[in-house]
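1. From the sequence below, what's the structure:
(one chain, ligands or ions: 1)
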Amino acid sequence: MLQRTRNEKGKTILVAGGAGFVGSHLCDALLARGDRVICVDSYITGSKDNVRPLRNHPRFRLIEKDICDLAEVDETLDQIYNLACAASPPQYQADPVHTMMTCVAGTGNLLSLAERHAASFLQASTSEVYGDPIEHPQREDYRGNVSCIGPRACYDEGKRAAETLCFDMLRTGKVDARVARIFNTYGPRMQPNDGRIISNLLVQAIQGRPLTIYGTGKQTRSFCFVSDLVAGLIALMDVDPNPEAPVNLGNPGEFTINELAEMVLAMVPTASKAVRKPLPQDDPQRRRPDISRAKELLKWEPKVPLSEGLRHTADWFTAALGDGKALRRRSRVRRPISSSEISVGA
Ligand SMILES: NC(=O)c1ccc[n+]([C@@H]2O[C@H](COP(=O)([O-])OP(=O)(O)OC[C@H]3O[C@@H](n4cnc5c(N)ncnc54)[C@H](O)[C@@H]3O)[C@@H](O)[C@H]2O)c1
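-> Residues are numbered from 1 along each chain as shown. Predicted structure coming up:
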């Protein structure tokens, strides 16, 4: 039996993947504006540490559950954000079948939940749906260049299938579903060993190790600070009417990996030089969002420059790496990541 616990002031919102990097910042922002937040997470790549400060918050509840097994929750929901999915290549490739099932069966379960609760639904999709793009910058109407059999396919194709489910539920009038295509995002609470380019470089510099550059380092990425992304996700969930189309959320500033490494070295001086390694298979060469749609429909654009966001993130990693216990707790990848697996995608 569902309990009606509608919050007088705010909404009741389920955040799947709320103990992850982005999800925990989203939980913070929703609580700060007065909502009630139910965080569902299996901790497969996230960490209880990310939501530990919220443990005793009167409007926060934590449910440990895999979304592939989630049938119902005992409170009436107004909104569901689905951020549950491993996001870095070593993590989503550690158990590719589970990654695909999370995207398809897990998203299907959450959409059914949204239908039963008449809740709005936001899917955290990804720029990886564009694969190794032939069009640049990437607009939402570009259909992408994705391998359906490569090592990244469990994530790229899983996220594409999840988008299909969302738009089928929307078209058939079952769920008010929205889809955010998120480009590389960074900030405090990334895992130091998650294999993403910003965490790799910052952690290596802070530890005085050589910075690893894959390929020529001329491949590009666009980096969005996490507070900007969270503002975009909330704007997309709340905008009326539903855009009924995917919306890119990212920072259109485009940097080569070499430029990023130089910024890191200027910020965290280290005696170590860069070492070069071969580019992983299917690694995209260029990434930059066209955010015209988000600007027009959501009146949203990122505010935090890379230099400022990197500084916050470097400070956070410096503190986290100083606390070895906290670091070990955060490192919940199913198997150790070897350096050859680390890639620049996210
Ligand atoms: N951070 C980025 O740059 C980026 C870019 C594009 C898309 N995204 C998307 O945003 C979302 C959040 O990414 P993140 O960077 O915070 O990653 P993250 O790994 O830190 O967070 C994902 C969270 O989902 C949880 N999770 C994974 N599979 C689950 C399952 N089956 N059931 C329940 N919980 C599960 C993890 O434990 C973790 O807490 C992901 O869906 C990701 O695909 C992120």
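
2. Which residue is the nearest non-sequential neighbour of Leu111?
-> Excluding its sequence neighbours, the residue lying closest to Leu111 (C-beta to C-beta, 6 or more residues apart in numbering) is Met169, at 5.0 Å. No exception for glycine: its C-beta is placed from N, CA and C like everyone else's.

3. and Leu310, what is it in contact with?
-> Contact analysis of Leu310 by C-beta atoms under 8 Å, 6 or more residues apart in numbering lists 186, 198, 202, 263-264, 267.

4. Identify the farthest-apart pair in those residues.
-> Tyr186 and Met267 (13.2 Å; C-beta to C-beta).

5. Between those two, which is the more surrounded one?
-> A direct count of neighbours by other C-beta atoms under 10 Å for Tyr186 and Met267 places Tyr186 higher, at 24 against 16.

6. and the nearest residue to that one once chain neighbours are set aside, what helix or strand is that in?
-> The shortest distance from Tyr186 to any non-neighbouring residue, by C-beta to C-beta, 6+ apart, is to Ile198 (4.2 Å). Element membership for Ile198, per DSSP states H and E: helix 197-206.

7. Against which helices or strands is that helix packed?
-> Packing partners of helix 197-206 (3 or more C-beta pairs under 8 Å, 6 or more residues apart in numbering; DSSP states H and E): strand 211-214, helix 257-267, helix 306-322.

8. Can you show me the helices along this structure?
-> 21-32, 48-51, 89-94, 96-101, 107-117, 153-171, 197-206, 226-238, 257-267, 292-298, 306-322, 324-330 (DSSP state H).

9. list the buried ones in the third one?
-> Translated: helix 89-94. Going by neighbour count (16 or more other C-beta atoms under 10 Å), the buried part of helix 89-94 is 89-94.

10. what's the answer for the second one, then?
-> Neighbour-count burial for helix 48-51, with 16+ other C-beta under 10 Å as criterion, is recorded at 49-51.

11. The ligand contacts on this structure?
-> Residues of the chain that fall close to the ligand, judged by C-beta under 6 Å from any ligand atom: 17, 19-23, 41-46, 66-68, 83-87, 102, 106, 124, 126, 182, 184-185, 346.

12. Tell me how the chain divides into domains.
-> Per the record, the chain has its domains at 12-185+224-249, 187-222+252-287+304-341, by automatic domain parsing.

13. Go through the ones you listed and name the closest to Arg293.
-> Between Arg293 and those, the tightest spacing by C-beta to C-beta is seen for domain 12-185+224-249, at 5.4 Å.

14. And that closest one, end to end?
-> End-to-end span of domain 12-185+224-249 (C-alpha to C-alpha, to the nearest Å): 24 Å.

15. Let me know the average pLDDT across it.
-> Mean per-residue pLDDT for domain 12-185+224-249: 97.

16. Output stretch 96-115 as CSV - backbone C-alpha positions only.
-> Listed next in CSV are the C-alpha coordinates belonging to stretch 96-115 (Å, rounded to 0.1, in the frame of the first residue of the first chain):
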residue,chain,number,x,y,z
PRO,A,96,29.2,-5.3,-19.5
VAL,A,97,26.1,-7.5,-19.3
HIS,A,98,25.0,-5.9,-16.1
THR,A,99,25.6,-2.5,-17.6
MET,A,100,23.4,-3.3,-20.5
MET,A,101,20.7,-4.7,-18.2
THR,A,102,20.9,-1.7,-16.0
CYS,A,103,20.2,0.5,-19.0
VAL,A,104,17.4,-1.6,-20.3
ALA,A,105,15.7,-3.7,-17.5
GLY,A,106,16.6,-1.1,-14.8
THR,A,107,15.3,1.9,-16.8
GLY,A,108,12.2,-0.2,-17.8
ASN,A,109,11.5,-0.8,-14.1
LEU,A,110,11.8,2.9,-13.2
LEU,A,111,9.6,3.9,-16.2
SER,A,112,6.9,1.5,-15.0
LEU,A,113,7.3,3.0,-11.5
ALA,A,114,6.9,6.5,-13.0
GLU,A,115,3.8,5.3,-14.9
